[in-house]
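In: Turn this into a model:
(one chain, ligands or ions: 2)
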Amino acid sequence: MELYEQLHRSIESLDIKVEIDLEKGRYPLIDSIENIGDLAGKASEILRSIGVETSEGEIVESLRKKGEDELGSLASYLLRRIVFRGIRERVRDLGWSYGICPVCGLIPIAAISKKIPHGFFAQSKLELRCLCGFSWIYDAFRCPSCDNRARDRFEVIMINSLKIQRCLSCSHMVAIVDEAPSMSGDLVHVVASYSMARLFGEEGGGDR
Ligand SMILES: [Zn+2]
Ligand SMILES: [Zn+2]
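Out: Ligands and ions are numbered 1, 2, ... in the order given. Below is the predicted model of the structure:
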C-alpha cells in the first residue's frame, strides 16, 4: 500500500506531455501515443528511484504481456498511470459506455457502487475504475468483459465489505466497494486485486 502511494506521488509530480491525436478516435488511446518511449522513460526513472532497473523497451513491452510477473505488472501499471495522468483533462467528458478502458485497453476488475438519482428513485450503478485511473459509469449487472446482462448469470462473493461479482458466462470478476469517502478512488483497485489474490491465491501459484 505505501509503495502505491509513493508511486502515485511520484506520478503526480511529473511533468507529462502525451503526444496523441484524439480526433482520430482510435481506442484504446495508449496504442496511438507517439511519444510512448518518453513516457516509458519516466516510468523507468520512477522504478529506478525505488531500486528497480528496467529499460524503456521492457516497460513498453510489459503492456502487451498477459499473466506477467510482479515486475512486469508494476511496470505496466506505472506506464498506464502516467499515460492517464497526461491525458486525463482531455478524456474527462468522453462519455464512454463500453466495458473496455478507452485509455489503456484493460477490462476493469474494480468498481465503486453508486446511487444515481433517477426521477423519484435512485438507481444502483457501478463506477468502473480502471488500473490507469480512468473511471466511468456502468450498469450494475453487466459484465464488462462479455456483456452478459442476465442477473442470474452472476455469482456474488462477500469478503468483509468487499463484494466480488463474478460473471458465470466468462468468469470475469469485478470487486465492488460501497462509495466511501475514506477510500481514495485510486486505491480501490489495489484493495480489489489484493483481495482477489487472497481469495484465489492458490490458483495463481503465489509465493507471497
Ligand atoms: Zn485504463
Ligand atoms: Zn462475462
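In: which residues touch the nearest residue to residue 157 once chain neighbours are set aside?
Out: Among residues not flanking residue 157 along the chain, residue 164 sits closest, at 4.4 Å (Cβ to Cβ, 6 or more residues apart in numbering). The C-beta positions use only the backbone N, C-alpha and C, and glycine is treated the same way. By Cβ atoms under 8 Å, 6 or more residues apart in numbering, the contact list for residue 164 reads 156-158, 173-176, 195-196, 199.
In: check contacts around the residue most central in space within the chain.
Out: With distances taken as Cα atoms, centre = their mean, residue 131 lies nearest the centre of the chain, 1.7 Å away. Shown in contact with residue 131 (Cβ under 8 Å, 6+ apart): 77, 80-81, 101, 104, 106, 108, 189.
In: List the buried residues of stretch 9-24.
Out: 10-11, 14, 16, 18, 20 (16 or more other Cβ atoms under 10 Å).
In: who's in contact with it?
Out: Stretch 9-24 is contacted by residues 29, 32-35, 38-39, 42, 46, 49, 78, 81-83, 85-87, 90-91 when judged by Cβ under 8 Å, 6+ apart.
In: again, only using 6 Å
Out: With contact meaning Cβ atoms under 6 Å, 6 or more residues apart in numbering, stretch 9-24 is reached by 32-35, 42, 46, 81-82, 85-87, 90.
In: could I get that stretch in CSV with only the CA atoms?
Out: The C-alpha coordinates for stretch 9-24 follow below in CSV (Å, rounded to 0.1, in the frame of the first residue of the first chain):
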residue,chain,number,x,y,z
ARG,A,9,3.0,10.9,-5.5
SER,A,10,5.9,10.4,-8.0
ILE,A,11,3.4,10.3,-10.9
GLU,A,12,1.6,13.4,-9.7
SER,A,13,4.8,15.4,-9.6
LEU,A,14,5.8,14.5,-13.2
ASP,A,15,5.5,17.0,-16.0
ILE,A,16,3.9,14.8,-18.6
LYS,A,17,3.3,15.6,-22.3
VAL,A,18,1.4,12.9,-24.2
GLU,A,19,1.5,13.3,-27.9
ILE,A,20,-1.7,11.9,-29.3
ASP,A,21,-4.3,12.9,-31.9
LEU,A,22,-7.6,12.4,-30.0
GLU,A,23,-9.5,13.4,-33.1
LYS,A,24,-8.7,10.1,-34.7
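In: how does the chain divide into domains?
Out: If you go by automatic domain parsing, the domain ranges for the chain are 1-94, 96-208.
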